[in-house]
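[1] here is a sequence together with a model predicted from it:
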Amino acid sequence: MGQETNETLESRPYNFYGVKIINKYLPIVLILTVISGSLFFPTNGETARARITNKTATPYRGAIVVRDDTGEAVFEKNSDISCYPASIVKLMMLLIIQEKIENGSLHLDDQVVCTAAAARMGGSQVYLKENEIFSIEDLLYSLIIQSANDSAVALAIHVAGSKDGFVEMMRKKARELGMKNTEFHSVHGLPPGRDQEPDISTPEDIAILSRELLKHPDILNYTSTQVRGFRNNTFEMRSHNPLLGSFDGCDGLKTGYFRAGGFSIAATADRDGLRLIAVVMGSKKKEDRNSSVRNILAQAFSSLPAPGPGKESAKTVRKKNRPPAVKSRVSAASPETIALPDNTQPTDNVEEDPAEENNDEGAGFWTILLYVILFLIQAGLFFWLGRKSKPDSSSGFPPTILSK
């Protein structure tokens with residue numbers, strides 16, 4: 001139990017000194033890990049989130065149901081309230097690209113080379129790799145079914161040369177459609193990075209976008225697909241739309257979610273030639289969003305007569321020259337017919353950590369893994385130095401590290 005002798009120290013195996021060095025210099029290893037991680041894996045605008053106002057409510061923040069043929073609002077509640085559309089913004093990308101396909105400036109079989117910027121995207125994705133090549137058609141399916149953020153970036157750069165260039169196209173189209181309360185700042189709908197602004201829209205404006213999109217029936221090929229393979233069927237994509245396959249006549253359109261914006265959906269269904277569009281935005285819970293959109297769509301269908309003979313849905317007829325904006329409310333159903341909770345009051349709290357969750361989470365795991373690897377490498381280096389160095393008889397530590 002007495003003091004260790006020089007002979008005892010020198011008889012110890014060298015890995016003993018490596019362990020003592022790690023214990024003594026653990027704080028230094030941790031500091032070096034953080035510094036090197038910051039240098040080699042800097043936080044960019046896609047992962048460093050800005051603090052933004054929470055825009056959610058129970059059962060939702062705002063909602064609207066409109067007729068596709070006339071734009072008449074069958075039901076609305078807080079339809080002009082500001083919300084975060086999240087991945088629903090990808091409907092605008094789909095609209096712009098579909099219009100270019102129809103005018104011949106783009107083709108479905110055009111090949112898109114994935115850039116490093118696309119490959120770096122986190123959140124919901126199809127894990128594109130730099131220099132991978134896919135057709136526009138394949139990327140559009142992944143954009144809508146998987147809600148792939150990396151596909152959104154790849155398509156934006158291919159079509160406009162840059163993400164900012166495509167965002168400007170989105171803004172121009174929104175102005176043309178009369179989406180007066182919409183501000184696009186991204187091509188994917190993720191929460192904003194530092195010094196960036198969030199995408200903003202309203203249920204009414206998303207209904208306008210949805211009606212315009214339904215002028216192009218081919219888009220239903222993407223929005224109605226529940227499951228599809230990607231990358232030679234090595235990756236299975238599944239739609240996040242809860243109404244597909246479970247709500248009669250539903251064939252679109254798109255969901256969206258991040259924490260500060262809650263759960264949102266733009267849905268459409270056609271029954272006997274009557275097509276309706278329902279938009280529910282800002283639900284705190286996914287279940288509230290899903291039940292609300294089902295209820296308001298079902299009750300709207302039950303309150304409206306089917307169109308007369310000769311009326312056809314967007315599946316077979318491309319409607320042209322329709323009014324671009326949603327009309328002021330003319331309730332075809334009485335408040336008793338569509339009765340929903342009145343506690344849909346918006347909340348305006350600051351979200352402490354507005355990072356995406358669930359289906360839109362991705363980058364965090366890899367960042368943590370990289371830091372763990374860095375720590376192990378540096379800890380191993382100290383351990384190796386301890387084994388290679390001869391112990392100092394007075395201190396018990398290798399003189400190459402502790403010698404004065």
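    Received the coordinates, thanks.
[2] just list the residues touching Phe166, thanks.
    Shown in contact with Phe166 (Cβ atoms under 8 Å, 6 or more residues apart in numbering): 93, 96, 155-157, 159-160, 187. The C-beta positions use only the backbone N, C-alpha and C, and glycine is treated the same way.
[3] ok, 6 Å please
    156, 160, 187 (Cβ atoms under 6 Å, 6 or more residues apart in numbering).
[4] double-check that the last one belongs to a strand.
    No: following the definition DSSP: H, G, I helix; E, B strand; the rest coil, Val187 is coil and is not counted among the residues of a strand.
[5] now the terminal residues of stretch 227-240, how far apart.
    The stretch stretch 227-240 measures 10 Å between its terminal residues, going by Cα to Cα, to the nearest Å.
[6] redo the contacts of Phe166 as JSON lines? Include neighbour count and pLDDT.
    Listed next are those as JSON lines, based on neighbours: other Cβ atoms under 10 Å; pLDDT from 0 to 100:
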{"residue": "Ala156", "neighbour count": "27", "pLDDT": "98"}
{"residue": "Ala160", "neighbour count": "17", "pLDDT": "98"}
{"residue": "Val187", "neighbour count": "30", "pLDDT": "97"}
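[7] for the stretch 301-404 of the chain, which residues score under the pLDDT cut-off?
    308-368, 371, 378-379, 382-404 (pLDDT under 70).
[8] could you pull out the helices for this protein?
    Remark: helices assigned in the chain by DSSP state H are 6-11, 14-40, 90-102, 116-119, 136-141, 149-160, 163-177, 203-213, 220-223, 286-303, 363-388, 399-402.
[9] okay, now the domains of the chain?
    Domain segmentation of the chain under automatic domain parsing yields 6-47+366-402, 62-354.
[10] worst average pLDDT in those domains?
    Lowest mean pLDDT within the domains of the chain: domain 6-47+366-402, a mean of 58.
[11] give the burial count for the residue nearest to Gly252 when sequence neighbours are not counted, as a bare number.
    Nearest non-adjacent residue to Gly252, counting by Cβ to Cβ, 6 or more residues apart in numbering: Thr223, 3.1 Å away. Neighbourhood size, Thr223 [other Cβ atoms under 10 Å]: 24.
[12] with Gly273 instead?
    Quick note: Gly273 (other Cβ under 10 Å) scores 17 neighbours.
[13] cool, and the one 3 residues further on?
    Leu276 is flanked by 23 other residues according to other Cβ under 10 Å.
[14] what's the answer for the one 10 residues further on, then?
    In terms of burial, Lys286 registers 16 neighbours under the definition other Cβ under 10 Å.
[15] and for the residue lying closest to it once chain neighbours are set aside, the neighbour number?
    If the residues on either side of it in the chain are set aside, Lys286 comes closest to Phe263, at 4.8 Å by Cβ to Cβ, 6+ apart. When counting by other Cβ under 10 Å, one arrives at 27 neighbours for Phe263.
[16] also Pro305?
    As a burial measure, Pro305 scores 8 neighbours (other Cβ under 10 Å).
[17] need the phi and psi values for it.
    Main-chain torsions, Pro305, degrees, to the nearest 10: phi -70, psi 150.
[18] list the contacts of it.
    Here Pro305 is in contact with no residues (criterion: Cβ under 6 Å, 6+ apart).
[19] show the contacting residues for the residue nearest to Lys286.
    Residues in contact with Phe263 (Cβ under 6 Å, 6+ apart) are 257, 283, 286, 289.
[20] got CSV for those residues, with distance to Gln196 too?
    What follows is these, written out as CSV (distance: Cβ to Cβ, whole Å):
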residue, distance to Gln196
Tyr257, 19
Ser283, 24
Lys286, 26
Arg289, 26
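[21] which one (most neighbours) among those?
    Within the contacts of Phe263, Ser283 tops the neighbour count with 27 neighbours, counted by other Cβ under 10 Å.
[22] separation between the nearest residue to that one once chain neighbours are set aside and Gly256?
    The spatial neighbour of Ser283 that comes closest, neighbours along the chain excluded (Cβ to Cβ, 6+ apart), is Arg289 at 3.7 Å. Arg289 sits at a distance of 10 Å from Gly256 (criterion: Cβ to Cβ, to the nearest Å).
[23] could you do His185 as well?
    Distance from His185 to Gly256, by Cβ to Cβ: 14 Å.
[24] neighbour count winner among those two?
    Taking neighbours as other Cβ under 10 Å, His185 and Gly256 compare with Gly256 leading, 28 against 16.
[25] who touches the more buried one in this structure?
    Applying Cβ under 6 Å, 6+ apart, we find Gly256 in contact with 85-88, 189, 264.
[26] what's the farthest-apart pair in those?
    Gly189 and Ser264 (9.7 Å; Cβ to Cβ).
[27] any idea how many residues pack against the closest residue in space to Glu102 that isn't next to it in sequence?
    Distances taken as Cβ to Cβ, 6+ apart place His216 nearest to Glu102, at 6.8 Å, with adjacent residues excluded. Other residues near His216 come to 17 when the count uses other Cβ under 10 Å.
[28] His216 contacts Gln98, correct?
    Yes: contact criterion Cβ atoms under 6 Å: His216 and Gln98 qualify, at 4.8 Å.
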